[in-house]
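any chance you can model this:
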Amino acid sequence: MTGERWLLAVTREVRGELVRAVLWAFAAGLLIVLQARLLAQACHRVVIEGHATPDAMLPLAGAVAALAVARGGLILLSERQAAAAAARIKERVRSRLYRKLLALGPAGRAGEETGPLVEAVTAGVEGLEPYVARFIPHLALAAALPLTMLLFAVPAEWRAGLVLLFSAPFIPLFMVLIGRGSESLNRRQWGRLSRMAGHLLDLVQGLPDLKIFGAARREAEAVARVSEEYRQGTMAVLRVAFLSAFTLEFFATVGTAVVAVIVGFRLLGGGLSLLDGLFVLLLAPEFYLPLRTLGLSYHARMQGTAAAERIAPLLSLPEPEGYCGTLPVPAGPPAVRFEGVTFRYGGERGGVSGLDLELPAGSLTALAGESGTGKSTLVRLLVGLARPEAGRITVNGTDLAGLDPAAWRDCLAWVPQSPFFFTGTIRENLCLGRPAAHGAEIRAALAAAAADAFVDRLPRGLDTELGGQGAGLSGGELRRLALARAFLRDASLVVLDEPTAGLDPENERLVGEALERLAAGRTVLVISHREETVRRASRVAVMAGGRLERVMAPAEFLAAAAGEGGA
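Below you'll find the model as predicted:
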């Protein structure tokens, strides 16, 4: 489904509000006809009949003023209805986007940048409002109101009516012709904006590294250059938009002028009364007004279509094939086995293929291999973020697909290389996976992770506030807090990703000792190449090319690694 078809389908959900908005605006257009007739009648009385007394003119003046007020009220009602319809559309689309992205999760959005997604959910959804609130109502009015006005203009002066009838199609024709050129420019601008959003987000996230390597100024110049290109592109779109507006005004002005000439000659020839002539002349600009307004709203259509072309594919993404079993998870440390597991990311590279690996119950297995060999994919499959395309994963002999996914997640603890910490107290961050934990359990978890000493030294202990991403603590302290969180969760299967990478020897030793305590009575899988971590494992699984190359003892792996390093 194209972006505009999807947008029209979504707009049908607020059909009632839009119909009311169009009806109110149509009623205001009919009042314009009546107002033009009363003004023409007032001029006729003054000029032709010579009735310029207050008694004769006050009723007409009062009626014209009342009609103007009524028109204003109807237009206000119409705009409120259109705005309410647009607000409902935005709320529903944004809610669907949030639900879709949450349902897709990390597995469903593999490879997708955060910046363009945020742009689609924020500016993209906001870009739908002009389409719904302006373009759709103006399109309906442009189709109905000019034809209705012709019904009043033709009986009064059919020649002027023919001019209006045959000049009117030129306005939407040139609107479409010019709009096609600006539509491609508008799509290009939307693509640039999405790329800029992703680039800027990457720069903000990597700002400390840029400062360290002295590359901040260079990247700032790059952002300035891209911003200037975006500004120039925006000005190009605006030039086309102004050209479109000029063209529409030109045809409307020429049409009104031709009507004025016809009315003038007919009045001079005596074949037309001043009442009918003024009525047609006053009606001519109002006849073109809905068409001109539609032309000016055509840019809103392009903006909404460009946003819809980004949003519609996101909403049409298939739901990820997760696990939906109902079987309970056996108690105790699980024995996990990968049997011929294959999973790809839609290409030839990446993922795993025909993987056979066993994680014995209560074992500490180290997973090693070069970058890109499928270690992260294996972990995603194990924790249930993705489902194998072929083969199966068993837990104590039961297919993982048959287990209750919520119960399986309750048995898991995941410690990434860069643990997530939100702005809040240390206590709140530790209790993220177990909100009901009490003080004694928290203290025991801190002690097991060798984190109690530095927490006690903090000004407020467990109630010390952390900044975003754990600001205020060192990398080693954050790693130990992440291990304490895993202790507190008391999961039977623990997965860790490079828990000692980038740490000094003392912190590496403390984290390694805490890892040994964590492995007691649990099944543990740790991705690591560090000697301090690998030598504590009971076995090392080496991956290469998305397959399991071999399983060896830690001493054998370290000896092989030392030999390769010496060579």
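
so who does the closest residue to S474 other than its chain neighbours touch?
Nearest residue to S474 in three dimensions, chain neighbours excluded: N507, at 7.8 Å (C-beta to C-beta, 6 or more residues apart in numbering). Backbone N, C-alpha and C define where each C-beta goes, glycine included. Contact analysis of N507 by C-beta atoms under 8 Å, 6 or more residues apart in numbering lists S474, G475, G476, E477, R479, R480, T500.

tell me the one among those residues nearest to T234.
Distance ranking of the contacts of N507 against T234, using C-beta to C-beta, places G475 first at 42.7 Å.

just give the number of residues close to the closest one.
Each residue near G475 was counted by other C-beta atoms under 10 Å, and the total is 15.

who's in contact with the residue most central in space within the chain?
By C-alpha atoms, centre = their mean, the chain has its centre lying nearest to V121, at 2.4 Å. Residues near V121 by C-beta under 8 Å, 6+ apart: R94, L97, Y98, L101.

what about the second one, neighbour count?
Other residues within reach of L97, judged by other C-beta under 10 Å, total 18.

go on, the first one?
A count of nearby residues for R94, using other C-beta under 10 Å, gives 18.

go on, the third one?
For Y98, the number of neighbouring residues by other C-beta under 10 Å comes to 11.

remind me which helix or strand it belongs to.
In this assignment (DSSP states H and E), Y98 forms part of helix 54-108.

show me where the stretch 451-567 of the chain has its strands.
In the stretch 451-567 of the chain, the strands defined using DSSP state E, counting those that start in this stretch lie at 465-466, 493-497, 523-527, 539-544, 547-552.

ok, which of those strands comes nearest R392?
Closest to R392 of the strands of the stretch 451-567 of the chain, according to C-beta to C-beta: strand 547-552, at 15.5 Å.

tell me what the closest one is packed against?
strand 352-359, strand 539-544 (3 or more C-beta pairs under 8 Å, 6 or more residues apart in numbering; DSSP states H and E).

hmm, back to that, just flag the most distant two among the contacts of V121.
Among the contacts of V121, R94 and L101 lie farthest apart (C-beta to C-beta), at 10.7 Å.

R195 and E119, how far apart?
For R195, the distance to E119 equals 9 Å [C-beta to C-beta, to the nearest Å].

out of those two, which sits in the busier spot?
Comparing R195 with E119 by other C-beta under 10 Å, the one with more neighbours is E119, at 22 against 16.

on the three-state scheme, the more buried one is what?
Classification of E119 using DSSP: H, G, I helix; E, B strand; the rest coil returns helix.

tell me the pLDDT of it.
At E119, the predicted lDDT confidence score is 73.

nearest spatial neighbour of it, skipping sequence neighbours?
E119 sits nearest to A197 (C-beta to C-beta, 6+ apart), 4.3 Å away.

domain parsing of this protein, as residue ranges.
For the chain, automatic domain parsing gives the domain ranges 3-315, 336-566.

re earlier: name the element the residue nearest to E119 belongs to?
helix 170-205.

packing partners of the helix or strand following that helix?
Using DSSP H and E, the helix or strand that directly follows helix 170-205 along the chain is helix 207-212. Helices and strands touching helix 207-212, by 3+ C-beta pairs under 8 Å, 6+ apart, are helix 216-269.

immediately after the helix it packs on, which helix or strand?
Immediately after helix 216-269, counting by DSSP H and E, sits helix 274-315.

now find how far off-centre that next one is within its chain.
Here helix 274-315 is found 28 Å from its chain centre; the criterion is C-alpha atoms, centre = their mean, to the nearest Å.

so that helix versus helix 216-269, what angle?
With axes from the mean of the first three to the mean of the last three C-alpha atoms, to 10 degrees defining the directions, helix 274-315 sits at 150 degrees from helix 216-269.

what pLDDT, on average, does helix 274-315 get?
Averaging pLDDT along helix 274-315 gives 82.

next SSE downstream of that helix?
Next element after helix 274-315 (DSSP H and E): strand 336-343.

so what touches that next one?
With C-beta under 8 Å, 6+ apart, strand 336-343 has contacts from 351-359, 377-378, 381-382, 386-395, 493, 523.

from these, which would you call buried?
Using 16 or more other C-beta atoms under 10 Å as the burial test, the contacts of strand 336-343 include 351-353, 355, 357-359, 377-378, 381-382, 386-388, 391, 393-395, 493, 523 as buried.

how many neighbours does L58 have?
10.

gap between it and A65?
Counting by C-beta to C-beta, the gap from L58 to A65 is 10 Å.

kindly report the same for W24.
According to C-beta to C-beta, W24 stands 20 Å off from A65.

so between these two, which is more surrounded?
W24 (21 against 11).

look up the closest residue to the more buried one, ignoring the ones flanking it.
Once flanking residues are discounted, W24 sits nearest to S78: 3.8 Å by C-beta to C-beta, 6+ apart.

list the residues that contact R37.
Per C-beta under 8 Å, 6+ apart, neighbours of R37: F279.

now the one 4 residues further on
Listed by C-beta under 8 Å, 6+ apart, the contact set of Q41 reads L60, L275.

okay, buried residues for stretch 250-262 please.
Applying 16+ other C-beta under 10 Å to stretch 250-262 flags F251, A252, G255, T256, V258, V259, I262 as buried.

state the distance from the fourth one to F454.
Right, the one you point to is T256. Separation of T256 from F454 (C-beta to C-beta): 81 Å.

try the third one
Note on G255: its distance to F454, by C-beta to C-beta, is 81 Å.

got it, and the first one?
Distance of F251 to F454, computed by C-beta to C-beta: 77 Å.

mind putting the strands of the stretch 451-567 of the chain into CSV with mean pLDDT?
As requested, these are arranged in CSV below (pLDDT from 0 to 100):
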stretch, mean pLDDT
strand 465-466, 80
strand 493-497, 86
strand 523-527, 87
strand 539-544, 85
strand 547-552, 82
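
what sits against G475?
By C-beta under 8 Å, 6+ apart, G475 lies in contact with G502, L503, N507.

please apply the same query to L38.
L60, A63, V64, L67.

just to revisit the earlier point, let me know which of the strands of the stretch 451-567 of the chain is the nearest to E126.
Closest among the strands of the stretch 451-567 of the chain, using C-beta to C-beta: strand 465-466, at 33.4 Å.

show me what that closest one is packed up against.
strand 424-425.

mind listing what the strand it packs on pairs with, with the direction of each?
strand 465-466 (antiparallel) (DSSP bridges).

return the distance of the strand it pairs with from the chain's centre.
Using C-alpha atoms, centre = their mean, the offset of strand 465-466 from its chain centre is 30 Å.

with stretch 66-83 instead?
Computed by C-alpha atoms, centre = their mean, the chain-centroid distance of stretch 66-83 equals 34 Å.

and it, which residues are buried?
So stretch 66-83, judged by 16+ other C-beta under 10 Å, has buried residues L67, R71, L74, I75, L77, S78, E79, Q81, A82, A83.

cool, thanks, signing off.
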